[in-house]
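A.B. asks: okay, here's the prediction I keep looking at, along with the sequence it came from:
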Amino acid sequence: MKSILIAGLLAALAGSALAQKPDEHTKKDIERHRAMAAAHEAAAKCLESGKKEEACQKDLQAACKGLAIGKYCGMKHEH
């Protein structure tokens, strides 16, 4: 009896997860977040390579132009 109940619960959860596909706005938001993440990863690699912070920041700003709000590509942290 427990296994039937668990199977039914899992089927219901799987069905509800499949039914909730992201709308067009959410899809675009996901794409923007992935693009910002890629730009930040490139900035981290730039810093790891030994380049000056100003140069890496300039590259980050160029990669994020029109993508995020502000000159920090949607993120700002303390130094």
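C.D. replies: Alright, I've got the coordinates.
A.B. asks: the nearest residue to residue 53 once chain neighbours are set aside is in what secondary structure piece?
C.D. replies: In space, and not counting its chain neighbours, residue 53 is closest to residue 47: 6.7 Å by CB to CB, 6 or more residues apart in numbering. The C-beta positions use only the backbone N, C-alpha and C, and glycine is treated the same way. In this assignment (DSSP states H and E), residue 47 forms part of helix 24-48.
A.B. asks: which elements pack onto that helix?
C.D. replies: Judged by 3 or more CB pairs under 8 Å, 6 or more residues apart in numbering; DSSP states H and E, helix 24-48 is in contact with helix 53-64.
A.B. asks: on that earlier part again, show me what counts as buried in the helix holding residue 47.
C.D. replies: Neighbour-count burial for helix 24-48 flags 36, 39-40, 43, 46 (criterion: 16 or more other CB atoms under 10 Å).
A.B. asks: pretty sure the residue nearest to residue 53 contacts residue 57?
C.D. replies: No - Residue 47 lies out of contact with residue 57 (CB atoms under 8 Å); the separation is 9.4 Å.
A.B. asks: where does the residue positioned nearest the centre of the chain land on pLDDT?
C.D. replies: Against the mean C-alpha coordinate of the chain, by CA atoms, centre = their mean, the closest residue is residue 33 at 3.5 Å. You'll see residue 33 listed with a pLDDT of 90.
A.B. asks: about what we covered before: what about the residue nearest to residue 53, distance to residue 68?
C.D. replies: Distance of residue 47 to residue 68, given as CB to CB, to the nearest Å: 19 Å.
A.B. asks: repeat that for residue 32.
C.D. replies: Going from residue 32 to residue 68 by CB to CB gives 7 Å.
A.B. asks: what about the protein, any weak spots by pLDDT?
C.D. replies: For the chain, applying pLDDT under 70 flags the ranges 1-10, 13-19, 76-79.
A.B. asks: okay then, goodbye and thanks.
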